[in-house]
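1. model this:
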Amino acid sequence: MSETDLEQVLGGLPEHPRVVASGNFAMPTTLLGLVDAALPSYTLHVLNAQRGLPTRPGVVHETSFVGPGMRDSTALRYVPARLSLLPELFRTALAPDVVVLHTSLPQDDGTVSLGTEVNVLPAAVEEVRRRGGRVLAQVNPQMPYTCGDAVLPLEAVDAVVEVDVPLGSPIPAVPDDAARLIGERVARRVSDGAVLQTGIGAIPDATLSGLTGHRGLSLWTEMFSDGVLDLDRAGALDPDAPLTASFLFGSPELYAWVHRNPRVRMRRTEVTNDPGRIAANPRMVSVNSALQVDLFGQANASRIGRRIYSGFGGQSDFVVGALHSPGGQAFVALWSWHPRADCSTIVPLVDEPVTSYQMTAVVTEQGVADVFGQDQRTQARHLIEQAAHPRVREELWEEARALHLA
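-> Reported below is the predicted structural model:
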């Protein structure tokens, strides 16, 4: 498809259309460049956008989860939303005019796969087709073919551009001693046969490393990365249980492992992040992080000062779902001291919007502070004595007295 062909395909759109594109490490960078050249102005909606997306006057960046490609954008429109509900916004306030996908090559059965990034894309495709908009695909032989809601009939796509480029991979986070200790503490609270949800980063990776001696584990998660390979090699995963996720990213080895892997079931966000479906998994264990946790058990994982850092993500959905699961647990795991900001992550009262609250326990390298089921004074005492860094405990006790928590 040439640039002229693309201009014809995109003819008849509104003056300032909304373009929804694959996010995370499946961004269709080549095709987005062509779309950018064809549209004078538009709104670009991408979840966890990485660097390399179009940035110029006339392009408005829009998202409900801010990634590094949009974090410093002066044209950012952040839309607060639980990710489980974002597909509903595509049917109402955020209706798309164009959807730009990154898919596998077409198969003999007339399908392509969304591969590593399903997420909110099926809902966006359905709505844009209903509205008479356009669906474009960057097809790539290096995109793995995954099953479930990732499978899309080729007839739903209006035009394709073929590329042959490696998928992006995050820089591996190497757990430090504190992260390994946090991961071990969380792992000790997880029973054999549990269903896991974890994110990406040093602490989630350390948690999965601490679970390699477990047996019968399975996944119901928003995303996963290479830590799952370690669990599989160690025999910790139930070989008969599906591994359910909405998106994934990691090493080329991970991408090869998920290609046509029948155990991996990619589902749309409104399924994976539905608190009711999460709660239906017995012994559901949710492990998330935060920027701050206060003495009332409220976690801020979204903002630093007045600046949006990321967004709700799946944390609000999974904390609620895990707490309602039979035998379920929801952990917030973080360092007690923020290394870059040089401040305590356990604070008297968060000043920012609350991402989640009343989790099972808060875990730091200092210890495990049980929260759920405790009265508010006991919650505060546990957080000060078992989660906070020793250098701020006296100050936190003073603040706790002022807040009538001591």
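2. all contacts plus neighbour counts: C-alpha atoms, from now on.
-> Fine.
3. Tell me who's in contact with residue 310.
-> Counting by Cα atoms under 8 Å, 6 or more residues apart in numbering, residue 310 makes contact with 48, 65-67, 71, 301-303.
4. my bad, should have said residue 10
-> So residue 10 contacts 38, 134 (Cα under 8 Å, 6+ apart).
5. Check residue 249 too.
-> 24-25, 116, 169-170, 223-226, 255.
6. Let's see if you can find the most crowded of the contacts of residue 310.
-> residue 66 (28 neighbours; other Cα atoms under 10 Å).
7. and it, which of the three is it?
-> Following DSSP: H, G, I helix; E, B strand; the rest coil, residue 66 is assigned to coil.
8. Could you measure from the closest residue to it other than its chain neighbours over to residue 165?
-> Nearest non-adjacent residue to residue 66, counting by Cα to Cα, 6 or more residues apart in numbering: residue 310, 4.4 Å away. With the distance defined as Cα to Cα, to the nearest Å, residue 310 ends up 28 Å from residue 165.
9. Going along the chain, name the helices of the stretch 101-250 of the chain.
-> Here the stretch 101-250 of the chain has its helices, by DSSP state H, counting those that start in this stretch, at 121-130, 177-188, 202-209, 227-233.
10. Of the ones you listed, flag the one that's most buried.
-> helix 202-209 (a mean of 24; mean count of other Cα atoms under 10 Å).
11. Next, the angle helix 177-188 makes with that helix.
-> 50 degrees (axes from the mean of the first three to the mean of the last three Cα atoms, to 10 degrees).
12. what mean pLDDT does helix 202-209 have?
-> Mean pLDDT, computed over helix 202-209, is 90.
13. Which residues does it contact?
-> 173-176, 179-180, 182-184, 186-187, 198, 227-228, 230-231, 287-288, 333-334.
14. Recalculate using a threshold of 7 Å.
-> With contacts defined as Cα atoms under 7 Å, 6 or more residues apart in numbering, helix 202-209 is touched by 173-175, 179-180, 182-184, 186-187, 198, 227.
15. mind exporting it as CSV, just the C-alpha atoms?
-> Provided in CSV are the C-alpha atoms of helix 202-209 (Å, rounded to 0.1, in the frame of the first residue of the first chain):
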residue,chain,number,x,y,z
ALA,A,202,12.1,-6.1,39.2
ILE,A,203,9.7,-6.9,42.1
PRO,A,204,7.2,-8.9,40.0
ASP,A,205,10.1,-10.8,38.4
ALA,A,206,11.6,-11.5,41.9
THR,A,207,8.2,-12.7,43.0
LEU,A,208,8.0,-15.2,40.2
SER,A,209,11.5,-16.3,40.8
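16. circling back to that earlier point, now the helices of the stretch 101-250 of the chain as CSV including distance to residue 362?
-> Formatted as CSV, those follow (distance: least, Cα to Cα, whole Å):
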stretch, distance to residue 362
helix 121-130, 33
helix 177-188, 9
helix 202-209, 13
helix 227-233, 22
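17. rewinding a little: please identify which pair of the contacts of residue 249 lies farthest apart.
-> Using Cα to Cα, these span at most 15.2 Å, a distance reached by 24 and 226.
18. Counting neighbours, go ahead and name the busier of these two.
-> Neighbours per residue (other Cα under 10 Å) separate residue 24 from residue 226, with residue 24 holding more: 23 against 20.
19. The residue nearest to the more buried one when sequence neighbours are not counted and residue 367, how far apart?
-> Nearest residue to residue 24 in three dimensions, chain neighbours excluded: residue 48, at 5.1 Å (Cα to Cα, 6+ apart). According to Cα to Cα, residue 48 stands 31 Å off from residue 367.
20. Next: residue 210.
-> For residue 210, the distance to residue 367 - Cα to Cα - is 16 Å.
21. for residue 148, same thing?
-> From residue 148 to residue 367 the distance is 40 Å (Cα to Cα).
22. do the same with residue 352
-> 25 Å.
23. who's more crowded, those two?
-> residue 367 (20 against 17).
24. which residue packs closest to the more buried one, ignoring adjacent ones?
-> residue 386 (4.8 Å).
25. For that neighbour, give me its contacts.
-> Per Cα under 7 Å, 6+ apart, neighbours of residue 386: 366-369.
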